[in-house]
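Asks: Have a look; sequence and predicted model below, questions after that.
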Amino acid sequence: MTTTQVPTPPSAELSAAQARRVAVAALAGTAMEWYDYYLFGLAAALVFNRLYFTTLDPQAAALAAFATFGVGFVARPLGAILFGTLGDRIGRRPTLVLSVVLIGTATALIGLLPDFASIGLAAPALLVLLRLVQGVAVGGEWSGAMTIAVEHAPARLRNRLAALVQLSSPIATLLSSGAFSLVLLLPATDFDAWGWRIPFVAAVPMLLVAVWLRRRIEESPAFVELVGSGRRARVPVIQVISRAPGRLGIAILVSLLGVGGFYFMNTFLVNFGSGARGLDRQLMVNATLVAAVVQAGVTVLSGRLAERFGPGRVTLWGGLVTATVAFPVFWLVDSRQPVAAVFAVCLGLAAVILAYGVAGPALTMLFPSELRYSGVSLGYNLAAVVGGFLPLLAQASLGWSGNASWGPALLFAVFGLATALGGALAHLIIEPADGSYGANGDTPARAR
C-alpha cells in the first residue's frame, strides 16, 4: 500500500455553530441532488420499462430500464474526474454550485421528455443521454459536499457532522418516494400520461433553493490554506492514482455497499416485490418511505458509533450485518405478506446504512487535503460503476436461478462482505493512536 505524505491541517477552526450551518447547507443541496437521482431509480422500476421500452417483452423491458438506470453510474467516474479536478483546483464551493445546476436541469428535462409512442427510438436515446448528464453531475456532488463539511468541522464533531450530511439520503428518499406515492394515487391512464412527470418537473424550484444555499457556503479553510501554501496539485486525479493507489482501492471497497446496496433495496427490491412476487406496487413504494425513517435513525446512530469506535470499524460491522441479513430479507419478501415485505425493506436498508452512514469520514480521512476531493470522488464513483449495476445483475440472476430469490440474495451478501473488508483495511490506516477519531481532517495518526 502506497504511503501518502499528509500535510498539516489549517490552524483556524470554525465554531461548532458555523460548522453546523455549513453541514446543513451541504445536506440541503445534496438532498436535492439525491432526490433527482432517486426519482430515476423509481421511474426505472415503475414507468420507463412500460413507456420507453414498449417493443420489448416485460422481462427484457425491465432489464433495459435497469440498464438505463445503470448507465448513470458509468458516467459518474467521468464526473469524479471533472469535478474532483475543479474541486481541488478552483475550490469546493463553486464546484458544488455547478454540480447542482447540472443535475437539476437534466432531471427537469426528463420530466418533459416525450415517450416512445410520441417520438419512437429517440425517446429511449434521449433518456439515456439525460441519465448520463445526471451521472456526471452526481460524480462530483456527494464527495464535494462531504469534503467541505468535514473540512469545516471541529475535530470533536467531524464524524457527527459528516453523518448529518448523510441524512440527505433518507430525506431524498422520503421526498422522491413520497412524490411517487402521491402520483400513484392517480388513475393509471393519468399516471402514465402525465402524473409520473410531476416529481421530475418539481426539480426546478428545488434547484433554485439549492443554488441559493450553495452560494451561501463559505470556502473551506483547508482549501484556503492550500491556495496560500501553493500546494494545490496540478493534476490531482493522476496524483491520487500514483501516490495513493492502495487508499483508492480501499475507498472503492468502503463505498461499494452504500452505493450498490441502497439502490438494490430501493430499486430492485421494489420491482422484485411488485413483479416477481405479486405484491402491490404502492405497498412497495410506501415500504421505502418507512425504511427512509429507519435509515435516518441508523445514520445518526452510525455517526455516534464512529465517534467512539471509528468509521472503519462501523463500516466493517455494517458490511457483516448486511451479509447476515441478505437471505432473510428475501425470505420475508417471498412470503408475499405485506407486513413482512415492509420489514424486509427496512431491515436490508438499515444494514446498508450502518456502513454508509460513516462513509464520509472514512473516505475523507484516507486522503490529504490537496487530493481529497479527487480521491473521495474517484473512490466513491468507481464503486458506483459496479454498484449501480447491482439491480441489473440481480434482475439477471432471477433468470439463472429460476426466479428463485437466492440469486439476488447472494449478490447482496457478497457486496456486504466486500465493504466489510474495506472497513477493516480503512480502520488500520485511519485509526489514531489516541483513539480520538476525526481529530485531524487531513491526518490519520497511523498512516501506513
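Replies: On my side now, so go ahead. Residues are numbered from 1 along each chain as shown.
Asks: Would you mind confirming that G140 is in contact with D88?
Replies: No: assessed by C-beta atoms under 8 Å, G140 is found out of contact with D88, at 10.8 Å. From N, CA and C alone the C-beta is placed, and that goes for glycine too.
Asks: ok, the two, which is more surrounded?
Replies: Neighbour totals were compared for G140 and D88, and G140 leads with 34 against 30 (other C-beta atoms under 10 Å).
Asks: and the biggest helix by length in the chain, what does it pack onto?
Replies: Using DSSP state H to define each element, the chain has its longest helix at helix 58-89. Where contact means 3 or more C-beta pairs under 8 Å, 6 or more residues apart in numbering; DSSP states H and E, helix 58-89 is packed against helix 16-43, helix 49-51, helix 92-111, helix 122-138, helix 141-152, helix 236-243, helix 372-387, helix 390-400.
Asks: re earlier: quickly list what's touching both of G140 and D88.
Replies: Both G140 and D88 are contacted by Y373, under the criterion C-beta atoms under 8 Å, 6 or more residues apart in numbering.
Asks: Point me to the helix or strand that includes the residue most central in space within the chain.
Replies: Central residue of the chain (C-alpha atoms, centre = their mean): V259, 5.0 Å from the mean position. Here V259, judged by DSSP states H and E, is contained in helix 245-263.
Asks: Quick check: which helices or strands does that helix pack against?
Replies: Using 3+ C-beta pairs under 8 Å, 6+ apart: helix 245-263 touches helix 311-334, helix 338-356, helix 359-364, helix 372-387, helix 390-400, helix 406-430.
Asks: Can you pull out the residues in contact with stretch 123-136?
Replies: Contacts of stretch 123-136 (C-beta under 8 Å, 6+ apart): 36-37, 40, 48, 52-53, 64, 68-69, 71-76, 78-79, 82, 102-103, 105-107, 109-110, 113-116.
Asks: rerun at 7 Å
Replies: 36-37, 40, 48, 52-53, 68, 71-76, 78-79, 82, 102-103, 106-107, 109-110, 113-116 (C-beta atoms under 7 Å, 6 or more residues apart in numbering).
Asks: Narrow those to just the buried residues.
Replies: 36-37, 40, 48, 52-53, 68, 71-76, 79, 82, 102-103, 106-107, 109-110, 113, 115-116 (16 or more other C-beta atoms under 10 Å).
Asks: returning to what we had before: angle of the longest helix of the chain against helix 92-111?
Replies: Counting by axes from the mean of the first three to the mean of the last three C-alpha atoms, to 10 degrees, helix 58-89 lies at 160 degrees to helix 92-111.
Asks: Helix 58-89 relative to helix 390-400, how many degrees between them?
Replies: Going by the same axes, to 10 degrees, helix 58-89 makes 150 degrees with helix 390-400.
Asks: mind listing what the residue nearest to A426 when sequence neighbours are not counted touches?
Replies: With sequence-adjacent residues excluded and distances taken as C-beta to C-beta, 6 or more residues apart in numbering, A426 is closest to G312, at 4.0 Å. G312 makes contacts with 362, 423-424, 426-427, 430-431, as judged by C-beta under 7 Å, 6+ apart.
Asks: Just say which of the helices and strands packed on helix 58-89 is most tucked in.
Replies: Among those, the stretch with the highest mean neighbour count (mean count of other C-beta atoms under 10 Å) is helix 141-152, at a mean of 30.
Asks: Tell me which other helices or strands it touches.
Replies: Using 3 or more C-beta pairs under 7 Å, 6 or more residues apart in numbering; DSSP states H and E as the contact test, the elements touching helix 141-152 are helix 16-43, helix 58-89, helix 92-111, helix 158-166, helix 221-229, helix 359-364, helix 372-387.
Asks: Packing partners of the last one?
Replies: Translated: helix 372-387. Short answer (3+ C-beta pairs under 7 Å, 6+ apart): helix 372-387 packs on helix 58-89, helix 141-152, helix 236-243, helix 245-263, helix 359-364.
Asks: same thing with the third one?
Replies: Judged by 3+ C-beta pairs under 7 Å, 6+ apart, the packing partners of helix 92-111 are helix 16-43, helix 58-89, helix 122-138, helix 141-152, helix 198-201, helix 203-215.
Asks: could I get that helix in PDB with only the CA atoms?
Replies: What follows is helix 92-111, C-alpha atoms only, in PDB (Å, rounded to 0.1, in the frame of the first residue of the first chain):
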ATOM      1  CA  ARG A  92     -15.000  23.200  -3.200                       C
ATOM      2  CA  ARG A  93     -17.800  25.900  -3.200                       C
ATOM      3  CA  PRO A  94     -18.000  26.900  -6.900                       C
ATOM      4  CA  THR A  95     -17.800  23.200  -7.900                       C
ATOM      5  CA  LEU A  96     -20.800  22.300  -5.700                       C
ATOM      6  CA  VAL A  97     -22.900  25.100  -7.300                       C
ATOM      7  CA  LEU A  98     -22.100  23.800 -10.800                       C
ATOM      8  CA  SER A  99     -22.900  20.200 -10.000                       C
ATOM      9  CA  VAL A 100     -26.300  21.000  -8.500                       C
ATOM     10  CA  VAL A 101     -27.300  23.100 -11.600                       C
ATOM     11  CA  LEU A 102     -26.300  20.300 -14.000                       C
ATOM     12  CA  ILE A 103     -28.400  17.600 -12.300                       C
ATOM     13  CA  GLY A 104     -31.400  19.800 -11.600                       C
ATOM     14  CA  THR A 105     -31.600  20.800 -15.300                       C
ATOM     15  CA  ALA A 106     -31.200  17.200 -16.500                       C
ATOM     16  CA  THR A 107     -34.000  16.000 -14.100                       C
ATOM     17  CA  ALA A 108     -36.500  18.600 -15.200                       C
ATOM     18  CA  LEU A 109     -35.800  17.700 -18.900                       C
ATOM     19  CA  ILE A 110     -36.600  14.000 -18.100                       C
ATOM     20  CA  GLY A 111     -40.000  15.100 -16.800                       C
END
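Asks: Many thanks, I have nothing further to ask.
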